[in-house]
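**Student:** coords please:
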Amino acid sequence: MSRLDETIEAGMARAGLPGVVALVGSRDGVIYEKAFGARGSNDATPMTPDTEFSLFSMTKAVTSVAAMQLVERGLLALDDEMGAILPWLANPRVVTGYDDTGEPLTRPAARPITLRHLLTHTAGFGYEFMSLEMLRSRGPGGAPASTSKAWLQGALLFDPGDRWEYGLSTDLVGQAVEAVSGQDLATYFREHIFDPLGMIRTGFFPDEARLASMHARTPDGGVTPIPSMAALLAGGEFLSGGGGLVGTGGDYMRFLRMVLNAGELDDVRILRPDTVAEMSRNQIGDLRAGQLGSVVESMIVPFDMFPDMRPGWGLGFLINPRPVAGGRAAGSLAWAGLANTHFWIDPASDRAGLILTQLFPFGDERMMQMLAGFERAVYSAEASSL
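**Tutor:** Sure thing, here's the model as predicted:
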């Protein structure tokens, strides 16, 4: 325990972070949970385990679980055409070039978009702040606001299934969940995931009194507070299944432990074991997942979690094909959120790790050094005795 404390405190000091929440879990329970520092550089309120964080893309794993619940119920199917559920995805078109005004030229896609394509980020969509190709595909008028439903529509960058490109696909999965369940995402998540798992402090609508402050890295290496995006996302034209959730570390660890337990936690089953196994299996063949570009480096820097590997992607998770030196086993599941919230799930070692900050840009070098040190400490001999 002291090794973990020391590692996190040293990492915070190097990164200039005002506060951090970190947890380690197993199938049987939480074996480490601690809050460090303050909620913000402009907020001396101590960071506590019940502090809420904007989870951003850690929302995607929750939305993926919701979709797979509906697959189990026969309301969705992995390889059915999504255009039958979301009409604007019918007859998709792929960008082939641009005319003199910058308008995209397109052709019919070689195949329809399926739920599997959306869950694996192989449908053909990107994010404008990560991909210049995606930004240009929006035409000379630029991209619609990311809180508008118009943002969910547009031409594809490539034929579905041909590439891995991280982007807005999971927001479309969220729209499909709403369409076939007859419930908005907030209600569906509450009834089918959060209440059964006891995730009482997670949802789309932040409690500002409990929310950690957002920060940005400054040119001199420090950090400065910036406005939260949580209320903006909650007030958009749709609830973002790709990045809209706010929650606590304790709540999200319950979700991770459910995955470790093959879909069950505290005698409550969320998914069948075979469904969790399918979600944990590489779904993209020889395609390489996990490389993220950058158009807006104040939000994200070019990022690759496993540059020396060829990671795969399951139905909602990045998968490392080889062990990490001093850390997680091969076949572990992982992902993160834009404000540098990070998790991994390691079934082989019966470990789940979670570290929460609120810092831009994603992939900040000092933050990634802190994450790597935290992981090594979790798997060290001292940490394994917790």
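
**Student:** please make it C-alpha for all contacts and neighbour counts, starting now.
**Tutor:** Will do.

**Student:** got the domain boundaries for the chain?
**Tutor:** Domain ranges of the chain: 11-72+178-370, 82-175, per automatic domain parsing.

**Student:** so which helix or strand takes in the residue lying farthest from the centre of the chain?
**Tutor:** Using C-alpha atoms, centre = their mean, the residue of the chain lying farthest from its centre is residue 100. It sits 37.2 Å away. According to DSSP states H and E, residue 100 maps onto no helix or strand at all.

**Student:** okay, it: pLDDT?
**Tutor:** Per-residue pLDDT puts residue 100 at 97.

**Student:** please report phi then psi for residue 225.
**Tutor:** phi -70, psi 140 (degrees, to the nearest 10).

**Student:** again with residue 3
**Tutor:** Dihedral pair for residue 3: phi -60, psi -40, per degrees, to the nearest 10.

**Student:** surely it touches residue 379?
**Tutor:** No. Using C-alpha atoms under 8 Å, residue 3 is not in contact with residue 379; the gap is 10.8 Å.

**Student:** is it correct that residue 186 falls within a helix?
**Tutor:** Yes. The assignment for residue 186 is a helix, going by DSSP: H, G, I helix; E, B strand; the rest coil.

**Student:** surely it meets residue 204?
**Tutor:** Yes. Using C-alpha under 8 Å, residue 186 makes contact with residue 204 at a distance of 6.5 Å.

**Student:** between these two, which contacts overlap?
**Tutor:** residue 239 (C-alpha atoms under 8 Å, 6 or more residues apart in numbering).

**Student:** out of the two, which sits in the busier spot?
**Tutor:** residue 204 (24 against 18; other C-alpha atoms under 10 Å).

**Student:** against residue 54, how distant is the more buried one?
**Tutor:** 9 Å (C-alpha to C-alpha, to the nearest Å).

**Student:** same thing with residue 244?
**Tutor:** 8 Å.

**Student:** neighbour-wise, which of the two wins?
**Tutor:** The neighbour comparison of residue 244 against residue 54 (other C-alpha under 10 Å) goes to residue 54, with 34 against 27.

**Student:** would you confirm that that one contacts residue 339?
**Tutor:** Yes. Between residue 54 and residue 339 a contact is recorded at 7.4 Å, counting by C-alpha under 8 Å.
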